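Trainee: starting from these lines, generate the structure:
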Amino acid sequence: LEPKTRPTRKRISAKRFWIQADHVTPDPQLVAFMSTRELKFAMMNEAHLVRKWRSGQAKGQGPGVGHAPGLPVGASELWMALGYRAAELA
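Mentor: Model prediction:
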């Protein structure tokens with residue numbers, strides 16, 4: 001008998017799969033109604049935006065007073081909502 005050969009699958013990079021060019025930051029109030037899949041895509045895209053924001057900051061320049069270190073202004077409420085929803089779905 002001849003061994004079966006599997007067809008080769010084309011690899012999709014993680015960046016091409018997860019990062020969406022048309023991503024719109026969700027309202028923190030709407031995060032509570034996201035499905036697991038929507039939440040994962042939103043978290044991956046928001047993390048990508050935070051990394052882009054951080055790379056644009058000058059060395060040693062911190063965010064304004066009262067914000068989480070390393071997050072753009074206003075992003076801390078969104079990340080708290082994402083975290084709470086992830087905990088609910090876990």
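Trainee: state the distance from the nearest residue to T36 once chain neighbours are set aside to R11.
Mentor: Once flanking residues are discounted, T36 sits nearest to L89: 5.3 Å by Cβ to Cβ, 6 or more residues apart in numbering. For every residue, glycine as well, the C-beta is placed using N, CA and C. Going from L89 to R11 by Cβ to Cβ, to the nearest Å gives 28 Å.
Trainee: more neighbours, these two?
Mentor: Set L89 next to R11 and count neighbours by other Cβ atoms under 10 Å: L89 wins out with 11 against 8.
Trainee: quick one: pLDDT of the more buried one?
Mentor: L89 is assigned 95 on the pLDDT scale.
Trainee: and G56, by the same measure?
Mentor: Turning to G56, the model gives it a pLDDT of 72.
Trainee: cool, and E46?
Mentor: pLDDT recorded at E46 is 93.
Trainee: how many other residues sit next to it?
Mentor: There are 19 residues near E46, going by other Cβ under 10 Å.
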